[in-house]
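> Fold the following.
(one chain, ligands or ions: 1)
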Amino acid sequence: MVDSLKRCRLYAILDLAYVEVAKVEHVTAELIRGGADLIQLRAKKQTLAEIRRLAGKMHGLTSKAGVPLIVNDHPEIARDVPAEGLHLGQDDLSIAAARRVVRQDCWIGKSTHNVVQAIAAQDEGADYIGFGPLFATPTKPDYAPIGTTEIGRVHEKVRVPIFCIGGIKLANLPDVLAAGAKRVVIVSGLLQSPDIAAVTQSAKQLLTKNQDA
Ligand code: 3NM
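Numbering: from 1, shown residues only. Predicted structure coming up:
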């Protein structure tokens, strides 16, 4: 399981701030078709019942395709789907508390916003971390961007997979990779494209080429 997380390069988030509920399955299928390695459901405004329902629908598609599904914020939903992963923020329950809820083989990832938090998340037992926001982003508007200068340092200090996040688009992805990133999360850069599968595929190609270089 952990090895397969290491192979993941492109992490897509299906954020319901950008996707109508009626299109969740279509968009999930497009992200899969484009080659997303991981897909997260992020739903900040929906009821638990609705998130559970949508996560189940998404998992029907992702599990057939062999793409791990990550549930944001809700360990009980991750357990029951059952999703392959759970993602937590800095203000959510601890990884230890979440591990008591989810299945034993469920990955737990954590958002981190500086190198100190990144090291702390690794020490707390995170299977992977998010690191950002690199650039200003309407998806998470209250966070100050940290830029690309810390990417090298966080890769020196942290051994679990690091997914850089925040304002990453196809256009700036080469700069993010040149700064040392190996894995990224992209949200609006995929979901706002008129051709989600095509932009996902292009991002995946850049990440794969970078890995081979
Ligand atoms: N977490 P986009 S930035 C969900 O820094 C999220 O922890 C972040 O969206 C973090 O690709 C972010 O549209 C939003 O900028 C990323």
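> Quick check: phi and psi at Gly130.
phi -90, psi 150 (degrees, to the nearest 10).
> I'd guessed it sits against Thr112; true?
Yes. Gly130 lies in contact with Thr112 (CB atoms under 8 Å); the separation is 6.5 Å. Where C-beta positions appear, they are placed from N, C-alpha and C, glycine not excepted.
> for Gln90, what are its contacts?
When contacts are counted by CB atoms under 8 Å, 6 or more residues apart in numbering, Gln90 is found next to Lys110, Ser111, Thr112, His113, Gln117.
> For this protein, what lies in contact range of the ligand?
Contact residues (CB under 6 Å from any ligand atom) of the chain with the ligand: 111, 113, 130, 132-133, 137, 139-140, 143, 165-168, 186-189.
> can you rerun that using 5 Å?
For the chain, the contact set with the ligand under CB under 5 Å from any ligand atom comprises 111, 130, 132-133, 137, 139-140, 165-167, 186-188.
> Let me have those in JSON lines, extended by secondary structure, pLDDT and distance to Gly35.
Converted to JSON lines, these look like this (DSSP: H, G, I helix; E, B strand; the rest coil; pLDDT from 0 to 100; distance: CB to CB, whole Å):
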{"residue": "Ser111", "secondary structure": "strand", "pLDDT": "98", "distance to Gly35": "24"}
{"residue": "Gly130", "secondary structure": "strand", "pLDDT": "98", "distance to Gly35": "20"}
{"residue": "Gly132", "secondary structure": "coil", "pLDDT": "97", "distance to Gly35": "22"}
{"residue": "Pro133", "secondary structure": "coil", "pLDDT": "97", "distance to Gly35": "24"}
{"residue": "Thr137", "secondary structure": "coil", "pLDDT": "92", "distance to Gly35": "23"}
{"residue": "Thr139", "secondary structure": "coil", "pLDDT": "87", "distance to Gly35": "21"}
{"residue": "Lys140", "secondary structure": "coil", "pLDDT": "86", "distance to Gly35": "24"}
{"residue": "Ile165", "secondary structure": "coil", "pLDDT": "98", "distance to Gly35": "18"}
{"residue": "Gly166", "secondary structure": "coil", "pLDDT": "97", "distance to Gly35": "21"}
{"residue": "Gly167", "secondary structure": "coil", "pLDDT": "97", "distance to Gly35": "21"}
{"residue": "Ile186", "secondary structure": "strand", "pLDDT": "98", "distance to Gly35": "12"}
{"residue": "Val187", "secondary structure": "coil", "pLDDT": "98", "distance to Gly35": "16"}
{"residue": "Ser188", "secondary structure": "helix", "pLDDT": "97", "distance to Gly35": "18"}
